[in-house]
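Novice: could you work out the structure for the sequence below:
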Amino acid sequence: MTHAEILKKVQWKDLKQLSVKEMLIENNLTIPWLLASWILAYYGYYIAALPFSAFFFLTGLRQVHNGFHQSLGTNKFLTWLSLYLNSILMMTSIHAVKFNHIRHHKYCLSEEDYEGKSAGMSWYGAILYGPVHMFLIHKVTLQLGNRNYVRNVLIELLSIALVAFGVFYFQIHFLMYHIIVMVFGEFLMAFFAVWTVHHDTEHNPALARTQRSGWKNKITFSMFYHLEHHLFPAVPTIKLPELAKRIDEAMPELEKKNTF
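Specialist: Predicted coordinates:
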């Protein structure tokens, strides 16, 4: 079944719209996790802060991912601001990630898909490839991106450098902890954000892996409904559980490989 045929079989356009409550959730989901991790780290409870930092990173990915596809329910400036602030908080140029992610949808798992390079590797190869992945997406954006992308990437990288310099120069320990954890998280992106959802799908890249277990989707904030996202990228993450139900009802025969 082709992508076009799937689009005709599933009602999805109504899911693009967010209520005020849903918009507030999507744009503020990161805040409690960030504050909790910072408070615990401020008082020296670094081990206790780690799971909160991990959930901040995960919800940050969800937020910027929706921003890539204009699915935050906000105007262009506020969406840009969300990507910029999360660049500083997550220690990478989010506009570089966006540029490669949009190409990933266009050229999924082909030679032109730089984001998807780790999908064909072993699981441990994808983990080891992580630092190269982060370097490559910045390099590709600066080489292939238009003027706006290049400007945004340079602004974000400069801001990250200034913030990191200030944090380490003034020895702000809880923020030093935050920076180190975020960099470590970025180095795992090739594994968690690419390999887990795309390995062994090269024969049909549009049919990425997905997750149907309720509790697994709750603890991962619905970020592993990746089959649904690739088929309908304009649908916000908060609506993906409903989209998954509609796909299952309309096409129960559609192949669905589990993420984990």
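Novice: nearest residue to the middle of this protein?
Specialist: In the chain, the residue lying closest to the centroid (CA atoms, centre = their mean) is Leu61, at 3.6 Å.
Novice: for that residue, helix, strand, or coil?
Specialist: Under DSSP: H, G, I helix; E, B strand; the rest coil, the three-state class of Leu61 is helix.
Novice: correct me if wrong: it contacts Leu188.
Specialist: No: between Leu61 and Leu188 there is no contact under CB atoms under 8 Å: 11.2 Å. In short, each C-beta sits where N, CA and C put it, glycine included.
Novice: ok, which stretches of the stretch 151-260 of the chain are helices?
Specialist: Secondary structure of the stretch 151-260 of the chain (DSSP state H, counting those that start in this stretch): helices at 173-187, 189, 196-198, 214-219, 226-231, 240-250.
Novice: beyond the first one, next helix or strand please.
Specialist: Proceeding N to C from helix 173-187, the next assigned helix or strand is helix 189, under DSSP states H and E.
Novice: which residues touch that following helix?
Specialist: 130, 133-134 (CB atoms under 8 Å, 6 or more residues apart in numbering).
Novice: next one: stretch 196-213
Specialist: Here stretch 196-213 makes contact (CB under 8 Å, 6+ apart) with 3, 108-110, 116, 119-121, 123, 126, 217, 220, 224-231, 244, 254-260.
Novice: same question, stretch 233-240
Specialist: By CB under 8 Å, 6+ apart, the list of residues contacting stretch 233-240 reads 12, 15-16, 18, 22, 25-26, 62, 65-66, 69-73, 105, 221-223, 225, 228-229, 243.
Novice: ok now that stretch, how far from the chain's centre?
Specialist: 13 Å (CA atoms, centre = their mean, to the nearest Å).
Novice: stretch 80-97 too?
Specialist: 11 Å.
Novice: stretch 71-87 now?
Specialist: Averaged over its C-alpha atoms, stretch 71-87 has a centre that lies 14 Å from its chain's centre (CA atoms, centre = their mean).
Novice: one more: stretch 14-28?
Specialist: That offset, for stretch 14-28, works out to 17 Å (CA atoms, centre = their mean).
Novice: picking that back up, for Leu142, find the nearest of the helices of the stretch 151-260 of the chain.
Specialist: The closest of the helices of the stretch 151-260 of the chain to Leu142 is helix 173-187. By CB to CB, the value is 17.2 Å.
Novice: rank the helices of the stretch 151-260 of the chain by pLDDT, which is bottom?
Specialist: Out of the helices of the stretch 151-260 of the chain, helix 214-219 stands lowest, with a mean of 90 (criterion: mean pLDDT).
Novice: what are the contacting residues of that helix?
Specialist: By CB under 8 Å, 6+ apart, the residues outside helix 214-219 that reach it are 211, 224-225, 241, 260.
Novice: and the buried ones among the residues you listed, selectable in ChimeraX?
Specialist: Per 16 or more other CB atoms under 10 Å, the buried members of those correspond to this ChimeraX selection:
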select :211,224,225
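Novice: dump the contacts of helix 214-219 to TSV, plus distance to Pro51.
Specialist: TSV is the format used below for those (distance: CB to CB, whole Å):
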residue	distance to Pro51
Gln211	20
Phe224	18
Tyr225	22
Pro241	23
Phe260	18
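Novice: in stretch 51-71, what's buried?
Specialist: So, applying 16+ other CB under 10 Å, buried residues of stretch 51-71: 52-53, 55-69, 71.
Novice: then stretch 248-260?
Specialist: Applying 16+ other CB under 10 Å to stretch 248-260 flags 254, 256-257, 259 as buried.
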